[in-house]
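>>> Fold the stuff below for me.
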Amino acid sequence: MIDPAFNDGHMKFEDEVSQWFKSLGYPFTVSKTALVAAGSPATWPTLLAALTWLIEKLSCNEMDLVDEDFSMDRDGNDGGEDALNSVEDLIVKGDRDFFNYVAESYEAFLSADDARYDALEEEWVLQLEKDSLIIEKEIEGITDKNAAIVEEIDSLGHRVEE
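Sure thing, here's the model as predicted:
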């Protein structure tokens, strides 16, 4: 939704957009000239790069919101597997955990903290194993339901033949 108060008449659209990208932390200057001549072939690459960066930033912010809404803490202490209502929840949790692992392990790498990096890797492997067990249990449950359905179909087939 566009903010109706975005252009309150004090600044030109180009000035506001340029300041907006700067305040969001965009690493390059968005030229006011490029915004005025957005249709020019020379300005497209820089404007598309800015929009791509904005989309990625919004995606990261969305992941943060998912983290806040998700009812599990960072260590996966969720009070049982019932907190994961579906495989989709497990996928979201896995994406969030992977992002946290990459961010923290990269920080450990930059600070040359090998012990922390090794601990993070071990923790990541344990989390993947726990998630694999949840998936295996889901597969077993579906396999059991499938076997029951096949058995019911076979029994119905025998009744029709009689």
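
>>> just for the protein, where's the confidence low?
Across the chain, the stretches falling below the confidence threshold (pLDDT under 70) are 1-9, 63-85, 160-162.

>>> One more pass at 50, please.
When the per-residue scores of the chain are filtered using pLDDT under 50, the ranges that remain are 1, 71-82.

>>> Find the nearest non-adjacent residue to Leu120, please.
Counting by CB to CB, 6 or more residues apart in numbering, the nearest residue to Leu120 once its immediate chain neighbours are dropped is Ser105, at 4.9 Å. Placement of C-beta: from N, CA and C, glycine included.

>>> which helix of the protein spans the most residues?
Scanning the chain for the helix with the most residues, using DSSP state H, yields helix 114-161.

>>> before we move on, back to that, which element, helix or strand, includes the residue nearest to Leu120?
Ser105 belongs to helix 87-110 when elements are defined using DSSP states H and E.

>>> buried stuff in that helix?
Neighbour counts over helix 87-110 (16 or more other CB atoms under 10 Å) mark 89-90, 92-93, 96-97, 100-101, 104-105, 108 as buried.

>>> Next: stretch 128-148.
Asp131.

>>> Can you give the distance from it to the centre of its chain?
For stretch 128-148, the separation from the chain centroid amounts to 24 Å (computed by CA atoms, centre = their mean, to the nearest Å).

>>> picking up where we left off before, between the buried residues of helix 87-110, which sits nearest Ala147?
Leu90 (23.5 Å; CB to CB).

>>> Look up how far Ile135 lies from that closest one.
Using CB to CB, to the nearest Å, Leu90 is found at 7 Å from Ile135.

>>> got it, and Leu126?
Counting by CB to CB, the gap from Leu126 to Ile135 is 15 Å.

>>> And for Phe98?
Relative to Ile135, Phe98 is positioned 15 Å away (CB to CB).

>>> That's all I had, so thanks and see you.
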